[in-house]
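Q: Just the structure for this:
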Amino acid sequence: MSIFEYNGSALAAMVGKNCFAIASDRRLGVQLQTVATDFQKICNIHDKLFIGLAGLATDAQTLYQRLVFRHKLYQLREERDMKPETFASLVSAVLYEKRFGPYFCQPVIAGLGDGDKPFICTMDSIGAKELAKDFVVAGTASESLYGACESMFKPDMEPEELFETISQALISSVDRDCLSGWGGHVYLVTPTEVTERILKGRMD
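A: Next comes the predicted model:
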């Protein structure tokens, strides 16, 4: 088993019309044994910028703390929040810095940039960025997530439709992966508000 699959995870981010949604499952496991069913995999950097970390849970928590530290330094120096594109470059640099002993994490970054234009990207454990205009996925359930998102995605969705689409994609995908699941956690972000919702899924 790959170290990336040790704890199990499913992450997806999807863009809509001046909004985005980022979703994850809630399971923390040790291989096939479930340890927790309310594990937080998505963290907010500021109101319009979120990061989800798939992979080894301990590395994800360490990396998140380092990124929050770097972002707070940026806020102090620049007196403004970081743009999503800038933050993606920061995450990439932090990961590449440790390339010979990497954090076993696959980040998914989603945010609203200039003019409330949604930005999403993912990268591998050494910071090679993959930008997308529709959706990005990560984690052990990524194969089934690709299929579900591909078939359900439509351009310029309104916030509620976007929430419904990413939720259905996540729930149907984790049912096909025994290392992720136990419900879902979705953030829907528009220029004016952030909505957080918990999804109930199969508990087996």
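Q: max-length helix in the protein?
A: Counting residues, the longest helix found in the chain (DSSP state H) is helix 57-78.
Q: what packs against it?
A: On a contact count with 3 or more Cβ pairs under 8 Å, 6 or more residues apart in numbering; DSSP states H and E, helix 57-78 meets strand 42-46, strand 49-55, helix 84-97, strand 105-112. In short, each C-beta sits where N, CA and C put it, glycine included.
Q: Identify the residues contacting that helix?
A: 7, 28, 39, 41, 43, 45-46, 51, 53-54, 81-82, 87, 90-91, 94-95, 103-105, 107 (Cβ atoms under 8 Å, 6 or more residues apart in numbering).
Q: Redo the helices and strands packed on helix 57-78 as TSV? Include distance to residue 163, mean pLDDT and mean neighbour count.
A: Shown next, in TSV, are these (distance: least, Cβ to Cβ, whole Å; pLDDT from 0 to 100; neighbours: other Cβ atoms under 10 Å):
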stretch	distance to residue 163	mean pLDDT	mean neighbour count
strand 42-46	14	93	18
strand 49-55	14	95	27
helix 84-97	20	95	18
strand 105-112	14	95	27
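Q: can you list those in CSV and add distance to residue 173?
A: Putting the helices and strands packed on helix 57-78 into CSV (distance: least, Cβ to Cβ, whole Å) gives the following:
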stretch, distance to residue 173
strand 42-46, 16
strand 49-55, 13
helix 84-97, 24
strand 105-112, 14
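Q: Looking at the ones you listed, spot the one closest to residue 157.
A: strand 105-112 (14.5 Å; Cβ to Cβ).
Q: Give the pairing partners of that closest one; include direction for each.
A: According to DSSP bridges, strand 105-112 has the following sheet partners: strand 49-55 (antiparallel), strand 118-123 (antiparallel).
Q: Would you mind saying which of those strands lies nearest residue 13?
A: strand 118-123 (4.5 Å).
Q: The closest one: what's the following helix or strand?
A: Proceeding N to C from strand 118-123, the next assigned helix or strand is strand 129-132, under DSSP states H and E.
Q: what comes into contact with that next one?
A: Counting by Cβ under 8 Å, 6+ apart, 88, 92, 120-124, 136 sit against strand 129-132.
Q: Quickly run through the sheet partners of it, with directions.
A: Strand 129-132 has these partner strands in its sheet, going by DSSP bridges: strand 118-123 (antiparallel).
Q: contacting residues around the partner strand?
A: Applying Cβ under 8 Å, 6+ apart, the set of residues contacting strand 118-123 is 13-16, 18-20, 84-85, 88, 91-92, 95, 106-113, 129-132, 135-138.
Q: repeat for stretch 169-185
A: Contacts of stretch 169-185 (Cβ under 8 Å, 6+ apart): 5, 7-10, 12, 14, 23-27, 29, 31-32, 34, 37, 40-42, 139-141, 144-145, 147-149, 152, 167, 186, 196-203.
Q: how about TSV for the strands paired with strand 105-112, with distance to residue 71 added?
A: As requested, the strands paired with strand 105-112 are arranged in TSV below (distance: least, Cβ to Cβ, whole Å):
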stretch	distance to residue 71
strand 49-55	9
strand 118-123	16
